[in-house]
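>>> have a look; sequence and predicted model below, questions after that.
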Protein chains: 2
Amino acid sequence: MRNRLFWLGAIAAFITWITPALAQIDPLPSWNDGSVKQTIIAFVTDVTREGSPDFVPEAERIATFDNDGTLWVEQPVYVQFAFALDRVKALAPQHPEWKDTQPFKAALEGDMAAVAAAGEHGAVEIVAATHAGMTPTEFKQIAKDWLATARHPRFGRRYEDLVYQPMLEVLAYMRANGFKTFIVSGGGIEFLRAFAPERYGIPSERIVGSSIVTSFERRDGTPILFRLPKVNFVDDGPGKPVGINQHIGLRPVAAFGNSDGDLEMLQWTTETGGRRLGVLVHHTDAEREYAYDRDSRVGRLDKALDAAAMDRWTVVDMKRDWKVIFPPETR
Amino acid sequence: MRNRLFWLGAIAAFITWITPALAQIDPLPSWNDGSVKQTIIAFVTDVTREGSPDFVPEAERIATFDNDGTLWVEQPVYVQFAFALDRVKALAPQHPEWKDTQPFKAALEGDMAAVAAAGEHGAVEIVAATHAGMTPTEFKQIAKDWLATARHPRFGRRYEDLVYQPMLEVLAYMRANGFKTFIVSGGGIEFLRAFAPERYGIPSERIVGSSIVTSFERRDGTPILFRLPKVNFVDDGPGKPVGINQHIGLRPVAAFGNSDGDLEMLQWTTETGGRRLGVLVHHTDAEREYAYDRDSRVGRLDKALDAAAMDRWTVVDMKRDWKVIFPPETR
C-alpha cells in the first residue's frame, strides 16, 4: 500500500510545485519586455483580481479588436480589396462591358490609381458587382476559396498566415482571463466570418463589421437570404461605437486599433471613469512588415496618434515591441 | 492508513453511483410527460450524441427564442407597449399639448381602441416620444426602473415574474447541452437588454431585436451614444432571419416562437436537410394564462399554425403540456 500512497503523495507534490510554475509562464512570449507588454499584463491582472479597486466582473470584460492592421496585414491594400479585384477578374468573362467601363476597366488593368480615383462611388460599384447577388453562405464560400489560394504580393504567404502572432497571444491571454473578445472592423461582416472564427477563435456572433442589405425571400419554395447591392451599415469611425452598441450592448473595457478609423472606438472605450485599456498598433517596421502612419492612404494613423497622448492610450511600436510579426510558416 | 483508503473507495463508489442517477434527473420538470416533452428531449439527445447521424458540433448548436408570448406574457398588450403608455403618462406634464393630440390623447385616457386606430404612424410617434432622446444607458435604466415597479393588470405580479417556468427550463437544458441560446424578438433590443440577461441568463450580445437609429456624438467633451426617433431595424417576420444572420451569422438548428411573427424564423431554421427543431407555443389556457390564436390582435397565430403541420413543427399545448406556467411567487 505504501507504494500507491507514495505515488499519490508524489502527484500532490508535483501539482503543488507546478501550479505557481505554470502561473509564471509568459502569456505574451512574442512581446519584448517593456512598458507596452507591462501595461497589457498589468491591466488584465488588475481588472481580474477580486478585491482590486479596478476589478471588472466577468460579464463586463468586453475587449474589442479592429482587424485590418490590428490583427492582420492591411498593406499594400486591404485584403478584402484584393479579394474584390480578384473577383472582378474572375467575373470579367461574364461582363464584356467591363473592359470599357470604370472602375472595372481600371481594376482589370491593375491600375490602382484609377480605381482609387473612382472614389466611393467606384468602390460601391465594385462591392455591388463582387459582394452582392448571392446568399451569405455562397459568399462565405467564395471568400473561403479565395483565402485558401490567394497570396500576399510581398510575403508570398496566404493572407490567413499574415496575422500578427503577438496579437493572437493577446486574444488568447484575455480570453483565458474571462474576457469576451470581439472583432469590430470596418471590413465586411461576412468576409470576416469566412476566416475569423477559425483563425482568431472568435465565434461568428462576436464579429461586428460593415454590411450590405440582406433580404429574406422564398425561391423555388425554399427560404433563402440574398445579398443586395446596397450599403446597410458602415462599421468605421463613429460607426464603431454604434456597431458595438448594436451587437454587444455593453461598453468595452479594452479596445485595440491601429488607425483613425478606430479613434471613436477607443474614445468610447476609454473616456470613462474606470480603469480602461486603449491600444494602438503603430506600424514602424518597414523591414519585417510596413512602416506607415500619418500619410498613408491605407490605415492612416494621424488623429488617433495625437489622441493617444491625451487619452493615455498605449502605442505599440511594432519594431520595438514585437519579437516576431507572423506565426511560423507551416505550409 | 486503511481508514483513508476506505474513504477514498467510498467516495469513488459514491461517484460511480451518483453519475447515472444525476443523468436521470428530469431536465424539464415543469413539463407534463407527452409527445412534446419527448420531442424536445429526443432532439437535444440526438444532436448532441457523438456518432449520432444527427450530431451537430457544439459551435453550430444555435437555438433562437422569440420573447413575447414565447418566454413571457404578451397579453393583454405587449409589455413594452404597457411601458410606452406608462411613459407617456409620466412625461405628460412636460407635454401639455398631448392632451389634445393623437395618439397621445388616447394613450393618456387609456383608450386602447383609439391608440390602435392611430396605426403604425401613431405607434412610431409614441415610440419616438418615449424611447428616443436619451442614451442607451439612460433608456435601459428607465426600463429597469419601470420593470421593478409596474404590475401586470390581471396577475398583479411584476412582468419579470411572468416568464414561463417551462421555457426557463428549456433554456437551461439546452445550454447545459452546449447550445448557445439567443433571443430573437420583435421587441426593442435595448428594452430586452434591461432584463433578459439576468432573467434568462442570456448575455446582451445574444439578444437580437428591433432598434431605432443610435448616433455617436460628443457632448461637453464626452463621447455619448444618442437614441434618435427613427426606425433602424424591425426584427419581426421576414426580419427575423435577417436579424439572425446579421447578429449570429449562423443558421439556427432550433427555434421557438408563438405567433405569425415567428413564421419566417421557424421556416429558416427548419426547412433544410438536417435534423431541426421548430416549436410553437400555443396559448390554450385561459384559466392559468390566456387562450388565443387566429383572431388575436396581439400575438396572432394563424399562418404559422397552418405551417406547423406542413413543416412538422412541435406545437406546445400550454394547458396540456405545462404543469405550471410561472415561477413560484417569491416577492
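That came in fine, so what should we check first?

>>> CA only for contacts and neighbour counts going forward, please
OK.

>>> what parts of chain A come near chain B?
Residues of chain A lying close to chain B (CA under 8 Å from any CA of the partner chain) are A:59, A:190, A:193, A:203-206, A:214-217, A:222-225, A:238-239, A:241-242, A:247-250, A:267-268, A:271.

>>> which of these fall within helices?
Those of the residues of chain A next to chain B mapping onto helices are A:E190, A:R193, A:G239, A:P241, A:V242, A:H247, A:Q267, A:W268, per DSSP state H.

>>> and the pLDDT at the fifth one?
So the one you mean is A:V242. Predicted confidence (pLDDT) for A:V242: 98.

>>> whatever helix or strand A:H121 lives in packs against which elements?
Assigned by DSSP states H and E, A:H121 belongs to helix A:119-131. When contacts are defined as 3 or more CA pairs under 8 Å, 6 or more residues apart in numbering or on different chains; DSSP states H and E, helix A:119-131 packs onto helix A:79-91, helix A:112-117, strand A:222-233.

>>> how about these in TSV, adding mean neighbour count?
Shown next, in TSV, are these (neighbours: other CA atoms under 10 Å in any protein chain shown):
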stretch	mean neighbour count
helix A:79-91	18
helix A:112-117	16
strand A:222-233	17
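
>>> ok, which of these comes nearest A:L162?
Smallest distance to A:L162 across the helices and strands packed on helix A:119-131 (CA to CA): 10.4 Å, for helix A:79-91.

>>> about what we covered before: how about the helix holding A:H121, which residues are buried there?
Judged by neighbour count using 16 or more other CA atoms under 10 Å in any protein chain shown, the buried positions of helix A:119-131 are A:G122, A:A123, A:V124, A:E125, A:I126, A:V127, A:A128, A:A129, A:T130, A:H131.

>>> so for it, what's the average pLDDT?
For helix A:119-131, the mean pLDDT works out to 89.

>>> off-centre distance for that helix?
Centroid separation for helix A:119-131 versus its chain: 22 Å, with CA atoms, centre = their mean, to the nearest Å.

>>> so which residue is dead centre in chain A?
The centre of chain A sits closest to A:N67, judged by CA atoms, centre = their mean, with a distance of 2.0 Å.

>>> and the strands in the stretch 51-200 of chain A?
A:62-65, A:180-188 (DSSP state E, counting those that start in this stretch).

>>> mean confidence (pLDDT) on stretch A:218-237, please.
Regarding stretch A:218-237, the rounded mean pLDDT is 95.

>>> mind checking the end-to-end distance for it?
36 Å (CA to CA, to the nearest Å).

>>> what about it, distance to the chain center?
23 Å.

>>> next: stretch A:244-252.
Put simply, stretch A:244-252 sits 17 Å off its chain's centre (CA atoms, centre = their mean).

>>> show residues contacting that stretch.
Outside stretch A:244-252, the residues that touch it by CA atoms under 8 Å, 6 or more residues apart in numbering or on different chains are A:60-64, A:184, A:206, A:208, A:268-269, B:190, B:193, B:204-206, B:247.

>>> output that stretch as CSV, nothing but the C-alphas.
Only the C-alpha atoms of stretch A:244-252 are listed here, as CSV (Å, rounded to 0.1, in the frame of the first residue of the first chain):
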residue,chain,number,x,y,z
ILE,A,244,-20.6,47.8,-30.7
ASN,A,245,-23.8,49.0,-29.0
GLN,A,246,-26.0,47.3,-31.6
HIS,A,247,-24.2,43.9,-31.5
ILE,A,248,-22.7,43.8,-28.0
GLY,A,249,-24.8,46.2,-26.0
LEU,A,250,-22.1,46.8,-23.4
ARG,A,251,-19.3,49.3,-23.4
PRO,A,252,-15.9,47.7,-23.8
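
>>> let me see the contact set for A:F226.
Here A:F226 is in contact with A:A132, A:G133, A:M134, A:T135, A:P136, A:T214, A:S215, A:F216, A:E217 (CA under 8 Å, 6+ apart).

>>> hmm, the fifth one is touching A:I224, no?
To tie it back to what came earlier, the one meant is A:P136. No. In this structure, A:P136 is not within contact of A:I224 by CA atoms under 8 Å, at 9.2 Å.

>>> helices and strands of chain A: which one has the lowest mean pLDDT?
helix A:2-24 (a mean of 67; mean pLDDT, DSSP states H and E).

>>> which ones are touching the nearest residue to A:T48 once chain neighbours are set aside?
Nearest non-adjacent residue to A:T48, counting by CA to CA, 6 or more residues apart in numbering or on different chains: A:F55, 5.6 Å away. The neighbours of A:F55, taking CA under 8 Å, 6+ apart as the test, are A:D46, A:V47, A:T48, A:R49.

>>> so which of those are in helices?
Per DSSP H, the contacts of A:F55 map to helices at A:D46, A:V47, A:T48.

>>> what angle separates the helix holding A:H121 from strand A:180-188?
Computed by axes from the mean of the first three to the mean of the last three CA atoms, to 10 degrees, the angle separating helix A:119-131 from strand A:180-188 equals 110 degrees.

>>> rewinding a little: just the buried residues of the contacts of A:F55.
Buried members of these, scored by 16+ other CA under 10 Å, are A:D46, A:V47, A:T48.

>>> need those in TSV (columns: pLDDT).
Formatted as TSV, those follow (pLDDT from 0 to 100):
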residue	pLDDT
A:D46	98
A:V47	98
A:T48	98
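
>>> reformat these as JSON lines; add distance to A:M112.
Supplementary listing: the buried ones among the contacts of A:F55 in JSON lines, determined by distance: CA to CA, whole Å:
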{"residue": "A:D46", "distance to A:M112": "47"}
{"residue": "A:V47", "distance to A:M112": "46"}
{"residue": "A:T48", "distance to A:M112": "47"}
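
>>> run through the residues that contact A:A291.
Neighbour list for A:A291: A:H283, A:T284, A:D285 [criterion: CA under 8 Å, 6+ apart].

>>> quick one: which of those is nearest chain B?
Set against chain B, the nearest of these by CA to the nearest CA is A:H283 (26.9 Å).

>>> and the helix or strand containing the closest one, C-alpha only, in CSV?
Per DSSP H and E: A:H283 is located in strand A:277-284. Backbone C-alpha positions of strand A:277-284 (Å, rounded to 0.1, in the frame of the first residue of the first chain) are rendered in CSV as follows:
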residue,chain,number,x,y,z
LEU,A,277,-7.2,49.9,-21.8
GLY,A,278,-6.8,51.6,-25.2
VAL,A,279,-4.1,50.2,-27.5
LEU,A,280,-2.9,51.4,-30.9
VAL,A,281,-0.7,49.3,-33.1
HIS,A,282,1.8,51.6,-34.7
HIS,A,283,3.4,50.2,-37.9
THR,A,284,7.0,51.1,-37.5
